[in-house]
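K.L.:
compute the structure for the input listed below.
(one chain, ligands or ions: 2)
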Amino acid sequence: MSISIASPPHDWNRKGLPGWTYSNKHLFKMEMKKVFSTHWQLVCHSSDLSEPGAYVTFDIGNERAIVVRGKDHVVRAFHNLCRHRGSRVVGDSSGVCKNVLTCPFHGWSYNLDGTLLGASRASTLPKLDPVKWGLKPVETEIWQGFVFIRFKKGKQGSVKSLMQRFDEELAPYELDRLISIGGDFVFAEAEANWKSMRDVDNEGYHVATAHPSLQDLYGKNYVDEPFINGTSRSLGQFNESPSKQWSVRRYRNFVSQLDHLPEPQNASWLYVAMFPNTVLGLYPDSVIFYQDIPIGPKQTIQRGAVYRYPNETRLMRAARYLSGRIDGLTAGEDLQLTKWTDEAPLSSGFDRILLSDLEYGVATFHNHLRTILPIVNEETEPDPQAIK
Ligand code: FES
Ligand SMILES: [Fe+2]
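P.N.:
Ligands and ions are numbered 1, 2, ... in the order given. This is a model prediction of the structure:
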């Protein structure tokens with residue numbers, strides 16, 4: 001398989017988004033409405049819902065959903081919103097319920113397919129049709145085992161159509177067979193705008209100086225590709241030269257003994273990203289996802305999970321431990337860079353980002369956002385009334 005390297009056109013915009021876009025609360029509201037509610041969000045993998053009644057909840061902006069496996073084993077998503085007074089039907093981030101979802105406020109209960117099972121003190125209410133008064137469904141797509149939801153239809157195509165260009169490359173990972181290792185889906189929290197987190201993650205120019213472990217693992221062979229129709233790909237093929245760090249050295253040694261993937265996937269970390277906020281990391285020992293969930297103009301949660309392969313051997317498990325260790329170090333380094341990236345536009349000396357060819361992925365991400373929200377082209381902060 002050949003690695004395609006898209007080179008930037010000559011006339012691309014080397015300036016990042018204007019500084020005001022990283023803190024403006026009106027723009028933040030607009031982003032939640034026009035970007036996050038109309039684009040697919042990855043909630044979990046089917047293996048996180050291992051039995052009927054298993055559920056995972058997902059909050060973004062003013063929206064909240066519950067994804068639950070039914071008695072018929074079908075995975076469905078609903079607004080996590082009781083039809084009585086709108087309470088959350090489920091308060092936890094994940095768990096298993098027994099055949100029924102019962103609202104903690106007044107006890108209305110719902111079947112796992114969302115239909116209303118019954119209201120408490122039903123004689124005090126009009127007769128309620130179980131379907132009409134059931135939990136409201138949220139659009140769902142299961143792509144290779146991963147459960148995506150979308151609160152409102154937008155221009156974004158299906159996950160399948162967006163990811164199609166990676167089908168051949170992803171096939172050997174058999175993503176639909178992955179197994180959850182558990183966890184609460186929260187990786188980190190940052191006092192930063194979500195775009196600052198994406199800006200740091202959307203380029204590999206900083207790997208050589210900021211990520212010693214990644215540089216040791218694949219720095220010499222790392223390639224970023226730009227966002228094309230809302231998806232991007234990066235590939236880090238492991239360096240041939242000996243590793244300086246023991247964890248990388250041992251990791252590469254362990255991985256070299258695994259034989260379930262073809263070349264170059266067997267000695268690479270592959271990242272596939274989907275606009276606006278989701279990244280899959282495909283490793284020879286495990287698969288991860290992470291996504292940035294905006295909480296406020298200056299607050300973002302990084303959500304994610306780690307999955308193991310179904311045929312995991314002791315060696316693979318040891319490799320997974322080490323890849324997690326390398327990822328943990330990298331995430332800590334990126335959080336610091338995100339903080340500095342995010343505070344920069346607040347300074348009177350800030351003059352927007354100047355992007356190198358190696359940061360073309362950041363430019364194409366910004367361009368995608370410019371298309372959806374043309375107001376971000378304004379050089380200076382517009383009046384609040386203009387941001388709508
Ligand atoms: S809000 Fe759910 S039962 Fe009243
Ligand atoms: Fe980084």
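K.L.:
let's verify residue 50: helix, strand, or coil?
P.N.:
When classified by DSSP: H, G, I helix; E, B strand; the rest coil, residue 50 comes out as coil.
K.L.:
go ahead and confirm it touches residue 180.
P.N.:
Yes: with contact defined as CB atoms under 8 Å, residue 50 reaches residue 180; the gap is 7.3 Å. The C-beta positions use only the backbone N, C-alpha and C, and glycine is treated the same way.
K.L.:
of those two, who's got more company?
P.N.:
residue 180 (19 against 11; other CB atoms under 10 Å).
K.L.:
how close does the more buried one sit to residue 174?
P.N.:
15 Å (CB to CB, to the nearest Å).
K.L.:
and the helix or strand where residue 320 lies, average pLDDT?
P.N.:
Here residue 320, judged by DSSP states H and E, is contained in helix 314-343. On average, the pLDDT along helix 314-343 is 97.
K.L.:
so which bits of that helix are buried?
P.N.:
By neighbour count with 16 or more other CB atoms under 10 Å, helix 314-343 contains the buried residues 316, 319-320, 322-324, 326-327, 329-330, 333-335, 337-338, 341-343.
K.L.:
off-centre distance for that helix?
P.N.:
Computed by CA atoms, centre = their mean, to the nearest Å, the chain-centroid distance of helix 314-343 equals 16 Å.
K.L.:
which other helices and strands contact it?
P.N.:
Helix 314-343 is packed against strand 186-190, helix 194-201, helix 207-210, helix 212-218, helix 246-256, strand 286-296, strand 299-308, with contacts defined by 3 or more CB pairs under 8 Å, 6 or more residues apart in numbering; DSSP states H and E.
K.L.:
now do residue 129, the pLDDT please.
P.N.:
On pLDDT, residue 129 comes in at 98.
K.L.:
to clarify, my last question referred to residue 8.
P.N.:
For residue 8, the model assigns a pLDDT of 84.
K.L.:
before we move on, the earlier item: which one of the helices and strands packed on helix 314-343 lies nearest to residue 72?
P.N.:
Among the helices and strands packed on helix 314-343, strand 299-308 comes nearest to residue 72, with 24.2 Å by CB to CB.
K.L.:
angle of the closest one against helix 314-343?
P.N.:
Orientation note: strand 299-308 sits at an angle of 170 degrees relative to helix 314-343 (axes from the mean of the first three to the mean of the last three CA atoms, to 10 degrees).
K.L.:
what mean pLDDT does strand 299-308 get?
P.N.:
Computed over strand 299-308, the average pLDDT equals 98.
K.L.:
now do stretch 18-27
P.N.:
Mean predicted lDDT for stretch 18-27 stands at 97.
K.L.:
what residues are up against the residue in the stretch 151-300 of the chain positioned nearest to ligand 1?
P.N.:
When scored by CB to the nearest ligand atom, the stretch 151-300 of the chain has residue 151 as its residue closest to ligand 1, at 20.3 Å. Contact analysis of residue 151 by CB atoms under 8 Å, 6 or more residues apart in numbering lists 37-38, 60, 63, 65, 138-139.
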